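Peer 1: pasting the sequence and the predicted coordinates here, then a few questions.
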Amino acid sequence: MKKRMLTGLAALGLAASFAATAHAGTVMKDGPTPYVVVGGVSVPKPLTDKPGDPANGRKVVANRKKGNCLACHKIKQMQDFLFHGEIGPELSDIAANMPADEMRLRLANPKVVNPDTIMPAFYKSKGLFRVKKKFRGKSILTAQEIEDVIAFLRTLK
Ligand code: HEC
């Protein structure tokens, strides 16, 4: 009887420590600054203190040297740009379907959510292979550009 109670208590302790780990999240160190992934799908804390600028986010999405998101995603609100790809899901109503916390991980490193994805990890700067000298140690997008893109995606509904 006593033994069973102790096992129960140990199990409770284990569950509590799991919960604590899940809550604390996993620190990702593959980008210019570390960030915390919670529950394997979201990054609740913004990468910068400055709020995202949706107008600049739209520019980053369209810019072929930056997001180039239209190469793979259709966005109805961006008909001023031609030739939207259909490799990835349409993003025209993404604000209604995905919280900002989850968009942040999708952009920073979508491989955490789907290891087989062909979508680039826009905030990865370490562990890249054969990078030209001028791009070494840099992510495709800066922390602020990621926050700007999220602010723009939040207008798509
Ligand atoms: C090379 C193609 C490619 C590029 C470039 C790309 N993505 Fe993606 N994206 C995908 C694919 C494919 C998926 C589908 C899920 C997966 O494979 O992980 C996806 C998924 C997403 C999702 C989740 C959509 C959902 O409904 O679940 C978001 C949000 C997203 N991308 C945003 C962006 C943004 C913003 C950019 C530009 C900064 C971008 N993507 C650039 C291919 C791409």
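Peer 2: Ah, there it is.

Peer 1: make it CA atoms for all contacts and neighbour counts henceforth
Peer 2: Noted.

Peer 1: I'd say Gly40 and Asn114 touch.
Peer 2: No: with contact defined as CA atoms under 8 Å, Gly40 and Asn114 do not form a contacting pair (10.3 Å).

Peer 1: quick one, helices of the chain?
Peer 2: Along the chain, counting by DSSP state H, helices occupy 2-24, 54-62, 94-97, 100-108, 143-153.

Peer 1: what's the residue closest to the geometric middle of this structure?
Peer 2: In the chain, the centroid-proximal residue (CA atoms, centre = their mean) is Leu105; its distance is 1.8 Å.

Peer 1: need the contact list for it.
Peer 2: Residues in contact with Leu105 (CA atoms under 8 Å, 6 or more residues apart in numbering) are 37, 41-43, 112-113.

Peer 1: gap between it and Ile146?
Peer 2: Computed as CA to CA, to the nearest Å, the Leu105 to Ile146 distance reads 10 Å.

Peer 1: shared neighbours, those two?
Peer 2: Common neighbours of Leu105 and Ile146 (CA under 8 Å, 6+ apart) do not exist.

Peer 1: sorry, back to before: which one of the helices of the chain has the lowest average pLDDT?
Peer 2: Of all the helices of the chain, mean pLDDT reaches its minimum on helix 2-24 (a mean of 51).

Peer 1: for PyMOL, write the select line for the buried members of the contacts of Leu105.
Peer 2: Applied in PyMOL, the following selects the buried portion of these according to 16 or more other CA atoms under 10 Å:
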select buried, resi 37+41+42+43+112
